[in-house]
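*Asks:* Please find the sequence and the predicted model below.
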Amino acid sequence: MKIFILSSFLCLGILSTTTASSDPIVSLKVISNSKVEFELNDISQIGMFEDAVYFPQANVIKFETRSKIRFIQVFNSQGVMQYQLPVRSKNVKISKSLFSKGEYRLGFMIENEDEILFTNLTVN
């Protein structure tokens, strides 16, 4: 009986290990360097962005999306809206000088989307 119980636990252990999720962990950080970090909130947002780059020489963060951005809302760490920037383009460059050190939420209102896509921006 002990052998049967031990064998059962061993089989269950092997089965649970082999059926565990083997999906790769997808990083939601799009930009990560000593000056700025830009991170998506949800894996479904990956398809919305073509590119996001920080250019240290120009001190500019550039975003390129698949669809037109109607506007971007910038919220501080307390959730207070600081800016609402009209864009009306797939490409936008935002000067890092617009931000002091801290954490921000950027809300992208994309054309033909009902919900605002929120992302995180940390300025160091």
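*Replies:* Cool, the structure landed.

*Asks:* which residues touch the residue nearest the centre of the chain?
*Replies:* Nearest to the mean C-alpha position of the chain, counting by Cα atoms, centre = their mean, stands residue 40 at 0.8 Å. Residues near residue 40 by Cβ atoms under 8 Å, 6 or more residues apart in numbering: 28, 30, 46, 49, 119, 120. Using the backbone N, CA and C atoms, a C-beta is placed for each residue, glycine as well.

*Asks:* Those in strands, which ones?
*Replies:* 30, 49, 119, 120 (DSSP state E).

*Asks:* Buried ones only from the residues you listed, please, as a ChimeraX command.
*Replies:* Buried members of the ones in strands among the contacts of residue 40, defined by 16 or more other Cβ atoms under 10 Å, are picked up in ChimeraX with:
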select :30,49,119
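
*Asks:* related to what we said a few turns ago, including pLDDT and distance to residue 57, could the contacts of residue 40 go into TSV?
*Replies:* Output for these, formatted as TSV (pLDDT from 0 to 100; distance: Cβ to Cβ, whole Å):
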residue	pLDDT	distance to residue 57
28	85	26
30	88	19
46	85	27
49	90	22
119	95	23
120	95	24
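
*Asks:* with those in mind, which one is nearest to residue 63?
*Replies:* Closest approach between those and residue 63, by Cβ to Cβ: residue 49, at 6.9 Å.

*Asks:* measure the nearest residue to the closest one once chain neighbours are set aside to residue 123 for me?
*Replies:* Counting by Cβ to Cβ, 6 or more residues apart in numbering, residue 49 lies nearest to residue 65, which is 5.7 Å off, once chain neighbours are set aside. The gap separating residue 65 from residue 123 is 21 Å, by Cβ to Cβ, to the nearest Å.

*Asks:* the more surrounded of these two?
*Replies:* residue 65 (21 against 17; other Cβ atoms under 10 Å).
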